[in-house]
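Trainee: here's my sequence, what's the structure:
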Amino acid sequence: GWIDGLGRPQDHAELLAGHYLAAVELDRSGELVSGEIRDRAVGALTDAAERASALNNFEGAAAYARAALDLADEGWPGRPRLLLQLGKAESSTAGEGRDALLEAAQAFEASGDVALAAEARVLVALGGYLIGREDELAEQLDLATALVANEPVTRAKATVWSSRARHAYLAGRYQEALELGQEALAMAETLDADEIRAEALLYVGGAKYELDQPSAIDDMRESLAVAKSINAAAQITRSLNNLSIILRQDGYVQESLEMANEALTVAERFGMRASVQFMRGALPFQLYERGRWDEALTAAEAHLAEIAAGVHGANEISSRLARALIRLARDDPAGALADTEHAVAVARASMAVLPKYPSLAVHAYVLAATGALEAAREAALEMAAMREADSNKTSFAGAAIVPWTWAQVGLLDEMLAVMGTGRRTPWLAAAEAAAAGDWGRAAEIYEESGSELSVAFAKLQTGLDADLRAALDFYRSVGAPRYVRQAEAGLAAAG
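Mentor: Numbering: from 1, shown residues only. Got it, this is the predicted structure:
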């Protein structure tokens with residue numbers, strides 16, 4: 001028709017699909033949109049789904065793919081590709097699409113199309129992780145690997161290797177992540193595949209950071225730059241999120257928060273609901289660190305209510321830890337303990353290493369702060385045992401409450417000896433200063449890192465009049481009566 005003469009087909013794919021959708025809506029009997037017209041409509045909708053996906057319009061891509069599947073016969077030869085488009089779009093928006101992707105993978109495997117079968121299995125793994133369903137992650141990646149292991153260098157193989165690097169990194173297997181990521185990076189560069197290159201750089205950089213190798217953060221920044229250069233929304237959010245985490249570990253709290261905000265903005269702009277929910281899980285702790293405790297509490301309770309309602313199960317730990325610390329500060333120790341106990345249970349069940357350490361650390365702190373010193377000691381020893389069993393040492397990024405806890409349970413030197421075996425960070429240097437009895441120096445290090453929260457807590461420990469007054473001002477501003485009383489008691493004792 002006339003639309004076909006407008007220029008490049010990809011530029012008007014969605015316009016053409018819209019006309020066919022209008023025809024389908026008008027054709028209540030189903031007699032007009034049939035035969036050749038139906039086939040053309042399905043083809044147009046398929047093209048529109050691919051075009052929308054390329055433009056990061058994931059909800060539009062899913063809508064076009066569903067409409068095409070509704071029109072097409074079960075035996076239509078393009079059905080597996082449509083299922084892949086639908087699953088990819090739903091995975092990007094809501095972490096869903098599992099059934100469509102598995103059906104697509106099986107169909108591609110049956111027809112011998114190993115590249116698309118592997119892509120579908122990788123997407124199953126990724127979508128499941130975003131919504132907190134890790135049970136199939138390793139299995140799907142193993143199946144994808146088996147499909148392409150003996151293939152030459154292809155986009156599919158590079159994608160699988162990059163996804164395996166991601167899985168190894170999340171599981172704390174940093175040397176394995178580095179090796180897989182470097183292999184994926186080499187493949188991506190050979191193929192001139194920038195989106196795969198961006199993902200591989202992200203996990204190469206993350207692994208280098210934990211292995212204390214040079215250019216780690218530079219690689220992660222390059223990952224972000226490459227993703228932005230091709231407008232790959234999903235990869236932009238991942239690069240921003242991971243870079244935010246590493247920057248915080250390296251003592252750049254303010255820049256870390258800026259990266260996290262940008263990641264959430266990008267995910268919201270492109271309707272990536274699963275990513276939005278995942279990042280909103282981290283938001284309460286970020287607000288807590290900034291001293292915006294009322295907002296943090298509201299955000300935590302909204303996120304946890306969604307989880308309780310069955311919306312998703314991702315990033316629950318961060319919200320619970322933020323709420324626990326605010327509850328403790330506001331004289332609700334029972335509520336704080338309930339949150340940390342739940343966070344520890346979730347962390348223990350997770351394959352990801354990173355959440356395990358803060359979960360145990362905050363749990364131990366709540367226990368120690370409420371006088372349950374033996375239980376706090378057990379939590380600290382569990383963290384030490386996990387660390388000693390781990391050949392890849394995750395860098396220490398514990399806030400000021402962590403060395404304080406270890407001191408309360410008589411394990412400060414022992415815990416520093418265990419936890420200080422990885423990459424050196426400002427958090428480790430501050431903990432060492434606290435161990436030497438110099439909380440004033442610890443406060444200076446926390447201030448250089450931009451952590452107002454740890455600065456206030458460290459100043460609360462020095463016993464100096466000026467420090468206690470500064471801590472008192474901070475804790476009054478956030479509404480923390482527990483610490484206000486401690487600061488006032490310190491000032492009274494100082495005379």
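
Trainee: quick one: the biggest helix by length in the chain to chain centroid distance?
Mentor: What stands out as the longest helix in the chain, according to DSSP state H, is helix 35-54. When distances are taken as CA atoms, centre = their mean, to the nearest Å, helix 35-54 is centred 34 Å away from the chain's centroid.

Trainee: CA atoms only for that helix, dumped as PDB, please.
Mentor: In PDB, the C-alpha atoms belonging to helix 35-54 read as follows (Å, rounded to 0.1, in the frame of the first residue of the first chain):
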ATOM      1  CA  GLY A  35      -5.300 -15.300   4.400                       C
ATOM      2  CA  GLU A  36      -2.700 -13.000   2.700                       C
ATOM      3  CA  ILE A  37      -3.900  -9.900   4.500                       C
ATOM      4  CA  ARG A  38      -3.500 -11.600   7.900                       C
ATOM      5  CA  ASP A  39       0.000 -12.800   6.900                       C
ATOM      6  CA  ARG A  40       1.000  -9.200   6.000                       C
ATOM      7  CA  ALA A  41      -0.500  -8.000   9.200                       C
ATOM      8  CA  VAL A  42       1.600 -10.500  11.200                       C
ATOM      9  CA  GLY A  43       4.700  -9.500   9.300                       C
ATOM     10  CA  ALA A  44       4.100  -5.800   9.900                       C
ATOM     11  CA  LEU A  45       3.500  -6.400  13.600                       C
ATOM     12  CA  THR A  46       6.600  -8.500  13.900                       C
ATOM     13  CA  ASP A  47       8.700  -5.700  12.200                       C
ATOM     14  CA  ALA A  48       7.100  -3.200  14.500                       C
ATOM     15  CA  ALA A  49       8.000  -5.200  17.600                       C
ATOM     16  CA  GLU A  50      11.600  -5.400  16.500                       C
ATOM     17  CA  ARG A  51      11.700  -1.700  15.700                       C
ATOM     18  CA  ALA A  52      10.100  -0.800  19.100                       C
ATOM     19  CA  SER A  53      12.600  -3.000  20.900                       C
ATOM     20  CA  ALA A  54      15.500  -1.300  19.100                       C
END
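
Trainee: show me which residues of it are buried.
Mentor: For helix 35-54, burial by neighbour count (16 or more other CB atoms under 10 Å) applies to 38, 41-53. (Glycine included, C-beta is placed from N, CA and C.)

Trainee: pLDDT weak spots in the stretch 251-400 of the chain?
Mentor: For the stretch 251-400 of the chain, the stretches with pLDDT under 70 are 312-313, 391-392.

Trainee: any idea how far residue 46 is from residue 89?
Mentor: As for residue 46, its distance to residue 89 is 12 Å (criterion: CB to CB, to the nearest Å).

Trainee: sorry, back to before: other SSEs contacting the longest helix of the chain?
Mentor: Secondary-structure packing of helix 35-54 (3 or more CB pairs under 8 Å, 6 or more residues apart in numbering; DSSP states H and E): helix 13-26, helix 58-71, helix 79-94.

Trainee: which of those comes out lowest on mean pLDDT?
Mentor: Lowest mean pLDDT within those: helix 13-26, at a mean of 54.

Trainee: coming back round to it: if you average pLDDT over the longest helix of the chain, what comes out?
Mentor: On average, helix 35-54 scores 77.

Trainee: that one vs helix 79-94, what angle?
Mentor: Angle, helix 35-54 to helix 79-94, by axes from the mean of the first three to the mean of the last three CA atoms, to 10 degrees: 40 degrees.

Trainee: report the inter-axis angle for helix 35-54 versus helix 58-71.
Mentor: Using the same axes, to 10 degrees: helix 35-54 against helix 58-71 is 160 degrees.

Trainee: how many neighbouring residues does residue 495 have?
Mentor: 5 (other CB atoms under 10 Å).

Trainee: before we move on, what about residue 229?
Mentor: Residue 229 sits with 10 neighbouring residues when counted by other CB under 10 Å.

Trainee: got the contact list for it?
Mentor: By CB atoms under 8 Å, 6 or more residues apart in numbering, the contact set of residue 229 is residue 194.

Trainee: please redo it, this time with the cut-off set to 10 Å
Mentor: Applying CB atoms under 10 Å, 6 or more residues apart in numbering to residue 229 gives the contacts 194, 198.

Trainee: for it, give me the pLDDT.
Mentor: pLDDT recorded at residue 229 is 97.

Trainee: any idea how far residue 222 is from it?
Mentor: 10 Å.

Trainee: likewise residue 72?
Mentor: Here the criterion is CB to CB. By it, residue 72 lies 42 Å from residue 222.

Trainee: do the same with residue 203
Mentor: 12 Å.

Trainee: the two: who's more crowded?
Mentor: Each of residue 203 and residue 222 has its neighbours counted (other CB under 10 Å); residue 203 has more, 31 against 18.

Trainee: just the helices in the stretch 351-495 of the chain please.
Mentor: 356-369, 373-389, 401-408, 412-419, 426-435, 439-449, 452-462, 465-478, 481-494 (DSSP state H, counting those that start in this stretch).

Trainee: no, scratch that, I was asking about the stretch 201-350 of the chain
Mentor: Assigned by DSSP H, counting those that start in this stretch, the stretch 201-350 of the chain shows helices spanning 216-229, 233-249, 253-269, 273-289, 293-308, 316-329, 333-349.

Trainee: out of those helices, which one sits most buried?
Mentor: Between those, the one whose residues have the most neighbours on average, counting mean count of other CB atoms under 10 Å, is helix 316-329 (a mean of 26).

Trainee: residue 45 versus residue 473, what's the distance?
Mentor: In terms of CB to CB, residue 473 sits 61 Å off from residue 45.

Trainee: if we can go back for a sec, between residue 46 and residue 89, which contacts overlap?
Mentor: Common contacts of residue 46 and residue 89 (CB under 10 Å, 6+ apart): 64-65.

Trainee: tally of neighbours for residue 110?
Mentor: Neighbour count of residue 110, defined by other CB under 10 Å: 10.

Trainee: assign it to helix, strand or coil.
Mentor: The three-state assignment at residue 110 reads helix, by DSSP: H, G, I helix; E, B strand; the rest coil.

Trainee: that one and residue 116 touch, don't they?
Mentor: No: if you go by CB atoms under 10 Å, residue 110 and residue 116 don't touch, sitting 11.6 Å apart.

Trainee: now for these two: what residues contact both?
Mentor: Both residue 110 and residue 116 are contacted by residue 80, under the criterion CB under 10 Å, 6+ apart.

Trainee: picking that back up, the helices of the stretch 351-495 of the chain into CSV, with extra columns for distance to residue 336 and mean neighbour count?
Mentor: Below are the helices of the stretch 351-495 of the chain laid out as CSV (distance: least, CB to CB, whole Å; neighbours: other CB atoms under 10 Å):
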stretch, distance to residue 336, mean neighbour count
helix 356-369, 5, 25
helix 373-389, 13, 17
helix 401-408, 12, 24
helix 412-419, 22, 18
helix 426-435, 22, 23
helix 439-449, 22, 21
helix 452-462, 16, 23
helix 465-478, 15, 18
helix 481-494, 10, 15
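
Trainee: can I get those in JSON lines with distance to residue 346?
Mentor: Shown next, in JSON lines, are those (distance: least, CB to CB, whole Å):
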{"stretch": "helix 356-369", "distance to residue 346": "8"}
{"stretch": "helix 373-389", "distance to residue 346": "15"}
{"stretch": "helix 401-408", "distance to residue 346": "20"}
{"stretch": "helix 412-419", "distance to residue 346": "22"}
{"stretch": "helix 426-435", "distance to residue 346": "23"}
{"stretch": "helix 439-449", "distance to residue 346": "27"}
{"stretch": "helix 452-462", "distance to residue 346": "23"}
{"stretch": "helix 465-478", "distance to residue 346": "26"}
{"stretch": "helix 481-494", "distance to residue 346": "25"}
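
Trainee: sounds good, over and out.
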